[in-house]
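**Student:** need a structure here:
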Amino acid sequence: MLRFDCQKKHSPVGSPDAVSFLTVSILPSWVVHLMITIKGGLTMTNIVSGTLTVIFDPPFYKGIFECHFAETYQIAQVILGTSAPTSRQIEEFLIHRWKSLDFFQSDQVPIPLIRKISPKRLSRLANKSIRTTGVGTKAQQALQKQRESKKAAHKKQYKMFRDQQKQLIYQKKRKKHQEKHKGH
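**Tutor:** Here you go, the predicted structure:
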């Protein structure tokens with residue numbers, strides 16, 4: 001199992017026209033800090049922490065993204081292929097396909113603010129998270145809720161489609177019946 005941790009901190013920096021930048025650390029947990037400038041001098045500090053867990057669910061490798069933002073917990077699942085993804089492939093995925101992920105939002109108790117963690121402790125935590133197996137039950141429950149909500153939405157949409165088809169068939173039969181009994 002490969003585990004990827006990232007942490008983004010949004011805070012205003014520099015002038016209102018300053019450019020956003022991205023810093024990538026080479027620590028084992030791949031800590032990512034993203035500083036975004038907000039125009040108009042608004043002050044906003046929100047911690048976003050995310051975790052990518054890669055698991056092998058025969059015959060595919062799956063990536064499970066977990067994100068904590070303010071008071072929300074979001075989760076997304078993606079199939080990465082049949083061969084084990086490399087760090088470079090994961091990095092490419094995050095850069096190019098991050099926006100295409102379909103995150104499912106789940107209710108959760110607000111997480112406490114994350115304080116700065118020393119690099120040694122961060123390394124130990126990353127190694128510990130690599131050794132753990134499986135996906136947390138919270139993630140499994142969120143994925144189950146997502147599957148159920150998608151299933152319910154699909155069922156509702158299919159029922160509407162089926163009702164429209166029945167109505168169309170009824171209208172055709174009714175019209176045919178009226179034509180038959182119209183007279184000559």
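
**Student:** wait, doesn't I75 sit right on Q144?
**Tutor:** No: if you go by Cβ atoms under 8 Å, I75 and Q144 don't touch, sitting 10.3 Å apart. Backbone N, C-alpha and C define where each C-beta goes, glycine included.

**Student:** ok, then the element right after the helix or strand where H96 lies?
**Tutor:** Using DSSP states H and E, H96 falls within helix 87-97. Going down the chain from helix 87-97, the next helix or strand is strand 104-107, by DSSP H and E.

**Student:** now for that following strand, which elements pack on it?
**Tutor:** Using 3 or more Cβ pairs under 8 Å, 6 or more residues apart in numbering; DSSP states H and E as the contact test, the elements touching strand 104-107 are strand 72-81, helix 137-180.

**Student:** mean pLDDT lowest for which of those?
**Tutor:** Note on those: strand 72-81 shows the lowest mean pLDDT, a mean of 84.

**Student:** what lines up beside it in the sheet?
**Tutor:** Its sheet considered, strand 72-81 pairs with strand 60-69 (antiparallel), strand 104-107 (antiparallel) by DSSP bridges.

**Student:** buried set for the longest one?
**Tutor:** Residues of strand 60-69 classed as buried under the neighbour-count rule (16 or more other Cβ atoms under 10 Å) are Y61, G63, I64, F65, E66, C67, H68, F69.

**Student:** may I see the residues you listed arranged in JSON lines, with pLDDT and distance to Q89 as well?
**Tutor:** Listed next are the buried residues of strand 60-69 as JSON lines, based on pLDDT from 0 to 100; distance: Cβ to Cβ, whole Å:
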{"residue": "Y61", "pLDDT": "88", "distance to Q89": "10"}
{"residue": "G63", "pLDDT": "87", "distance to Q89": "10"}
{"residue": "I64", "pLDDT": "86", "distance to Q89": "16"}
{"residue": "F65", "pLDDT": "84", "distance to Q89": "15"}
{"residue": "E66", "pLDDT": "83", "distance to Q89": "19"}
{"residue": "C67", "pLDDT": "80", "distance to Q89": "20"}
{"residue": "H68", "pLDDT": "77", "distance to Q89": "25"}
{"residue": "F69", "pLDDT": "73", "distance to Q89": "25"}
